[in-house]
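Peer 1: no sequence for this one, just the structure:
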């Protein structure tokens, strides 16, 4: 859908400068004890790096291979932190505390929050010599900076709420712009990055949500749900696949909404950008069924959709 180009300061900063994005409800848990990395290797879908100041993005699955939560593991100065977004935090806490006693591992609430600093000037304003690779980390005073690649490159700042507030004030003084939730969502959807609780839920498998490359290692040992993940990979196409969509015309209904191809159900719309891109395009995310033609016309409510490249 070609919409009139509108300037949104936070969205522009994500693309061209540095934007501050709060993540209220995110959790940072500290794991300690006998072998916290061994515990995580036994229950996560992804392999963990062997060196300090590195991390990984991974999933927690149920025994049938469905996604229960997503999270990030960070190693720094001998500590192991597990960072989860607001939609995953509760499940991450419950699952870690279920398994921890068997490995003699303690799961501790740090009380830390997460403040995102994203955009091409993020490293400069954060005081880093260069951009951090994804999941790499560095100490910035009382805060830990962790590299982010998607949906917008930059860093997540992790630390006590009062330290994050001081950082927020300093960064705004240095030129960072506070982005609204709508502006960040527009960037996320335009980049085709799914969010737990919205685009994938405990009903979905990693292959359906397009997370195999980003969140799954096929070189590691067993974990809950591994057999299903491997079978879906080698069998080929899952029954439905999350796709980035473009709204060609009209206004789509609020998700979740049915996607049609002609008069047949073709899938489900999960996210619609609340703002047009800089080019005036509205993007969306949604699942298409295996039998749907990705080259054919699609519709949702009064909107015409097509699969974006």
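Peer 2: Arrived safely, thanks for sending. In this text the structure is predicted, and so the values were computed from the model without any measurement.
Peer 1: Please count neighbours and contacts with C-alpha atoms only from this point.
Peer 2: Fine.
Peer 1: mind listing the helices for the protein?
Peer 2: 9-16, 36-43, 89-99, 122-126, 161-173, 181-190, 212-215, 226-235 (DSSP state H).
Peer 1: So which of those helices is nearest residue 273?
Peer 2: helix 181-190 (4.8 Å; C-alpha to C-alpha).
Peer 1: Can you say which of the helices of the chain is nearest to residue 268?
Peer 2: Here helix 181-190 is closest among the helices of the chain (C-alpha to C-alpha), at 15.2 Å.
Peer 1: which residues sit against that closest one?
Peer 2: If you take C-alpha atoms under 8 Å, 6 or more residues apart in numbering as the criterion, helix 181-190 is touched by 8, 10-11, 14, 21, 150-152, 194, 244, 271-277, 282-285.
Peer 1: Check which residues of that helix are buried.
Peer 2: 183-190 (16 or more other C-alpha atoms under 10 Å).
Peer 1: same thing with stretch 24-37?
Peer 2: 26-32, 36-37.
Peer 1: Stretch 254-266 too?
Peer 2: Within stretch 254-266, the residues that count as buried by 16+ other C-alpha under 10 Å are 255, 257-261, 265-266.
Peer 1: end to end, how far does it reach?
Peer 2: The first and last residues of stretch 254-266 sit 17 Å apart, counting by C-alpha to C-alpha, to the nearest Å.
Peer 1: distance between it and the chain's centre?
Peer 2: From the chain centre to the centre of stretch 254-266 is a distance of 25 Å (C-alpha atoms, centre = their mean, to the nearest Å).
Peer 1: try stretch 47-64
Peer 2: 14 Å.
Peer 1: How about stretch 251-269?
Peer 2: Distance, centroid of stretch 251-269 to centroid of chain: 24 Å (C-alpha atoms, centre = their mean).
Peer 1: these two touch, right, residue 148 and residue 137?
Peer 2: No. At 9.8 Å, residue 148 and residue 137 do not qualify as touching, with contact defined as C-alpha atoms under 8 Å.
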